[in-house]
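In: Fold the stuff below for me.
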Amino acid sequence: MPLLTPPDPYPAFNLRSTRIPIPIAHPNETLHLRRGDVVQVWGHLLEWDEDCATPPELEGYRNTGDPLCDAALRSLRSSPPGTKSTDLLAQLLAAVPTHRACAAFHASLDSPPPESILPPSRAQIARAQAFFHAHSAPILTSLLHFSLAGGFAAPRITRVLHLTSYLVPPAAPTKASADRTFARLLETTQLVVDCMYTPDALEPGTGQGWKSAVRVRMLHGVMRERVRGNEKYDEGADGVPINQEDLAATLASFSAAPLLCLEKMGFTVSEEDAEAFIALWRLIGFYLGIEPPILAKYFRSRRASQQFLGSTMLHLLTFSPSFSSSTNPSAPTPEPLGVPLTLPILHAISNRPPYNTKLESHHSLSHYLLGPSLARALGIPAPTLRARLRTALSLLLMRLPCAFGAHYPRRDWETERRELMREGVMRTVRWQLGMRRTKFRPGGEAEEDEKIRKDEDGARRLRERWRNNIVEMIGVLAVLGIAAVGMAVGAGRMLYEGR
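Out: Reported below is the predicted structural model:
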């Protein structure tokens, strides 16, 4: 069911009911909801049904980590394989012949995914990747300004991030700390781009996306063990570090959330593209260590994944008993969520090439996508009129090529644009990472990262193709504009002379 915008200013998750929204001040209040009830959380509306995850279910997921991966990592620590590499995947492959736990973990990764998760067909994978390449700019924008900016504000997640020093700048951020945070964000982007690059990207053993997903999964395992050994972490209260709820919520924020954001930004998403996109992320989630029953239940469709996203937003973005999520003027004002990482993330991506976008513009985009209630709780300043106008213009410029490609009769133009975006995004990520491909090692060392040789001729040809593509679009739009003006003038003259 396509997302519908209600008559009030709230974003909605698959809203079909006309019932008055019920403000939710604590996740446990959902235990008394009935099917069809509309709940209001942080200014977002969610129609409660069987696809929503209840607090007891989500708390149960918090008690499970990634047993296969954790057992393999324990085996590697107790008896290191005969390799000096710090690449976790290389260590795993070297240990397969001699380490039973490593062999079991590798076998689960090297085998076809279970049919219960509805693995995507090759045609679905190609369709999802083409959809990503056609909308890569707004999708990556939504990942930064909604998924990461909002998700990394969840107190239970930020506590783990603080204990691992991952994405956490010092109390007084410096350029060096901002650069480190930016590098971590680029590495996350690399995972996404690797999985979206070619139809065989997730082929077990050889696909670059598969390799990146497995490395990230093992990195999570190392971080999980580190946090469990820290006396400051309360596993009884917060569950296993980087648990199944955390992983599934992150998957929803990378799959369902961009689809919601695209529609809010004014893009049209077909049901076929949306279902293919969710199916591809369902496969990525399997290799990232999310348990098949969760994937089968909550990621079987676009609607189910969006309902799960709403449920986890409600559960993870916990509420203080002193306020309600209602935006009613008489309701208490939300307090900041612990020590959110939203502002440091937005600061880290500001004033970066190639666009050198100012911090004010990043604040405005996040404020728009997250909604005023959640943005206010995360400490994001309300945008000025100038910033809102700049955001509206940037979204218009994002939509223009997509809308043009959807209606331009010469289909090769849109095919070329998608190919340019596919190659351009990959090159941009590599360039901003310092011409390297990260291997997602626990210490973040770059010595063993794959070095990328500069290809000046290829970059020049790419710029020329991009320029030709844009010039053709501008030329066609200019001709159409002139023709429209001419027709309007002619029609006006005929009306005037006919009087």
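In: show me the contacts for the residue lying closest to Ser111 once chain neighbours are set aside.
Out: If the residues on either side of it in the chain are set aside, Ser111 comes closest to Pro204, at 7.3 Å by CB to CB, 6 or more residues apart in numbering. Placement of C-beta: from N, CA and C, glycine included. With contacts defined as CB atoms under 8 Å, 6 or more residues apart in numbering, Pro204 is in contact with 109-112, 210.
In: Swap in 7 Å and give it another go.
Out: Residues near Pro204 by CB atoms under 7 Å, 6 or more residues apart in numbering: 109-110, 210.
In: Spell out the residue ranges of the helices in the stretch 201-350 of the chain.
Out: Along the stretch 201-350 of the chain, the segments classed as helices by DSSP state H, counting those that start in this stretch run 208-228, 235-238, 244-264, 271-287, 292-298, 302-316, 342-348.
In: Quick one: closest of these to Val96.
Out: Evaluated over the helices of the stretch 201-350 of the chain, closeness to Val96 peaks at helix 208-228, with 12.8 Å, by CB to CB.
In: Kindly export the closest one (C-alpha atoms) in PDB.
Out: Provided in PDB are the C-alpha atoms of helix 208-228 (Å, rounded to 0.1, in the frame of the first residue of the first chain):
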ATOM      1  CA  GLN A 208      32.600  -7.600  -3.400                       C
ATOM      2  CA  GLY A 209      29.400  -6.800  -1.600                       C
ATOM      3  CA  TRP A 210      29.400 -10.300   0.000                       C
ATOM      4  CA  LYS A 211      33.000  -9.800   1.200                       C
ATOM      5  CA  SER A 212      32.200  -6.300   2.600                       C
ATOM      6  CA  ALA A 213      29.100  -7.600   4.400                       C
ATOM      7  CA  VAL A 214      31.000 -10.500   6.000                       C
ATOM      8  CA  ARG A 215      33.800  -8.200   7.100                       C
ATOM      9  CA  VAL A 216      31.300  -5.800   8.700                       C
ATOM     10  CA  ARG A 217      29.600  -8.800  10.400                       C
ATOM     11  CA  MET A 218      32.900  -9.900  11.900                       C
ATOM     12  CA  LEU A 219      33.700  -6.300  12.900                       C
ATOM     13  CA  HIS A 220      30.400  -6.200  14.800                       C
ATOM     14  CA  GLY A 221      31.400  -9.500  16.500                       C
ATOM     15  CA  VAL A 222      34.700  -8.000  17.700                       C
ATOM     16  CA  MET A 223      33.000  -4.800  18.900                       C
ATOM     17  CA  ARG A 224      30.300  -7.000  20.700                       C
ATOM     18  CA  GLU A 225      33.000  -8.900  22.600                       C
ATOM     19  CA  ARG A 226      34.800  -5.700  23.600                       C
ATOM     20  CA  VAL A 227      31.700  -4.100  25.000                       C
ATOM     21  CA  ARG A 228      30.700  -7.300  26.900                       C
END
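In: Please point out which parts of that helix sit buried.
Out: 208-227 (16 or more other CB atoms under 10 Å).
In: tell me the mean pLDDT over it?
Out: Across helix 208-228, pLDDT averages out at 96.
In: repeat for stretch 313-328
Out: Averaged over stretch 313-328, pLDDT sits at 55.
In: Stretch 297-310 too?
Out: Mean predicted lDDT for stretch 297-310 stands at 96.
In: and what of stretch 399-406?
Out: Rounded mean pLDDT across stretch 399-406 is 96.
In: chain center to it, what's the gap?
Out: Chain-centre distance of stretch 399-406: 22 Å, with CA atoms, centre = their mean, to the nearest Å.
In: what's it in contact with?
Out: With contact meaning CB under 7 Å, 6+ apart, stretch 399-406 is reached by 134-135, 266-267, 413-414, 417, 473.
In: Dump those residues into JSON lines; add secondary structure as well.
Out: Formatted as JSON lines, the contacts of stretch 399-406 follow (DSSP: H, G, I helix; E, B strand; the rest coil):
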{"residue": "Ala134", "secondary structure": "helix"}
{"residue": "His135", "secondary structure": "coil"}
{"residue": "Gly266", "secondary structure": "coil"}
{"residue": "Phe267", "secondary structure": "coil"}
{"residue": "Trp413", "secondary structure": "helix"}
{"residue": "Glu414", "secondary structure": "helix"}
{"residue": "Arg417", "secondary structure": "helix"}
{"residue": "Met473", "secondary structure": "helix"}
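In: Can you say which two of these are spatially most distant?
Out: By the measure CB to CB, Gly266 and Trp413 form the most distant pair in those, at 21.0 Å.
In: Which one's more surrounded, those two?
Out: Comparing Gly266 with Trp413 by other CB atoms under 10 Å, the one with more neighbours is Trp413, at 18 against 14.
In: Report the separation between that one and Arg461.
Out: The gap separating Trp413 from Arg461 is 18 Å, by CB to CB, to the nearest Å.
In: likewise Leu396?
Out: Leu396 is 29 Å from Arg461, by CB to CB.
In: sorry, back to before: which of the contacts of stretch 399-406 are buried?
Out: The neighbour count (16+ other CB under 10 Å) marks 134-135, 267, 413-414, 417, 473 as buried among those.
In: Kindly indicate which of the residues you listed lies nearest Arg441.
Out: Taking the buried ones among the contacts of stretch 399-406 together and measuring to Arg441 by CB to CB, the closest member is His135, at 31.2 Å.
In: tell me the contacts of that closest one?
Out: 262, 267, 402.
In: now do Met196
Out: 129, 132 are the contacts of Met196 under CB under 7 Å, 6+ apart.
In: For Val39, I want the exact helix or strand it lies within.
Out: Element membership for Val39, per DSSP states H and E: strand 38-41.
In: Now do that strand: which elements does it pack against?
Out: Contacts defined by 3 or more CB pairs under 7 Å, 6 or more residues apart in numbering; DSSP states H and E place strand 38-41 against strand 22-23, strand 44-47.
In: Each with direction, which strands does it pair with?
Out: In the sheet containing strand 38-41, its partner strands are strand 22-23 (parallel), strand 44-47 (antiparallel), by DSSP bridges.
In: Let's have the helices of the stretch 201-350 of the chain in a markdown table, adding distance to Ala103.
Out: Formatted as a markdown table, these follow (distance: least, CB to CB, whole Å):
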| stretch | distance to Ala103 |
| --- | --- |
| helix 208-228 | 15 |
| helix 235-238 | 29 |
| helix 244-264 | 23 |
| helix 271-287 | 17 |
| helix 292-298 | 20 |
| helix 302-316 | 33 |
| helix 342-348 | 39 |
